[in-house]
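Asker: return a 3D structure for these sequence lines:
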Amino acid sequence: MAERASALSANYPRGRLGPADMDSGASLSEVRNLSLLQIAAWPDTLAEVGAGLAAQLGISAPPGACEAAFTERGSLLRVEPLKWWLIDGDIAAVAAAFADAGRAVTLDQSQSRTRVRIGGPRAAELLNRHLPLDLREASFPVGRLANTGFHHAGVTLWRHEQGYDLLLPRGFALSLWELLMAAGEQFGAEVV
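Answerer: Now for the predicted structure:
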């Protein structure tokens, strides 16, 4: 299988953004080789498909609306009422488990998105320069996700122990990345 070229390779300047004497308050990085499988169920198969996904990942129950579950077998995000995204899991095994078209439909979307990680103590503040979300801990704890708009493009944001991951549409990834870097200059962000 051919290695996918990064959508951000045209502008990925590693190092500090902003003044050199400023403490870094955030970090920006691309998480390469995204593996993303969409699993869509119907209303009458939703519970069965959710239970099957939970079993595949070794969790007690699938994540609820706007939630994510993280295991060593992958991350499961509930992105819509009838859809989940499996990230960094064995997408071939999960797709095979749901190959029966009567229960769910799977679609490999690995090539459709670019995954950007924003970390550091001021990550939420940096993101709030562009995203209309309340990212305070009480409103957006670890395991929470949201589909939202970023400069007129639909994106998915989720929070985990390392910070926040943004799934950007591949066609908009470079321009959105450049906006994140420009905002990152205010925080002495580090591109890693």
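
Asker: tell me which helix or strand of the chain sits lowest on mean pLDDT?
Answerer: Least confident helix or strand, the chain: helix 91-97 with a mean of 91, by mean pLDDT, DSSP states H and E.

Asker: for the residue lying farthest from the centre of the chain, give me the pLDDT.
Answerer: No residue in the chain has its C-alpha farther from the mean C-alpha position than residue 21, which lies at 31.4 Å (C-alpha atoms, centre = their mean). On pLDDT, residue 21 comes in at 79.

Asker: cool, and the one 10 residues further on?
Answerer: Residue-level confidence at residue 31 comes out at 96, pLDDT.

Asker: how about it: what's its closest non-neighbour residue?
Answerer: residue 115 (4.2 Å; C-beta to C-beta, 6 or more residues apart in numbering). For glycine as for every other residue, the C-beta is placed from the backbone atoms N, C-alpha and C.

Asker: tell me the phi and psi of the one you found?
Answerer: The phi and psi torsions at residue 115 (degrees, to the nearest 10) take the values phi -100, psi 120.

Asker: and if you look at residue 20?
Answerer: Per-residue torsions, residue 20: phi -70, psi -30 (degrees, to the nearest 10).

Asker: close enough to count as contact, residue 150 and residue 166?
Answerer: Yes - between residue 150 and residue 166 there is a contact under C-beta atoms under 8 Å: 7.5 Å.

Asker: which residues of this protein score low on pLDDT?
Answerer: For the chain, the stretches with pLDDT under 70 are 1-2, 101.
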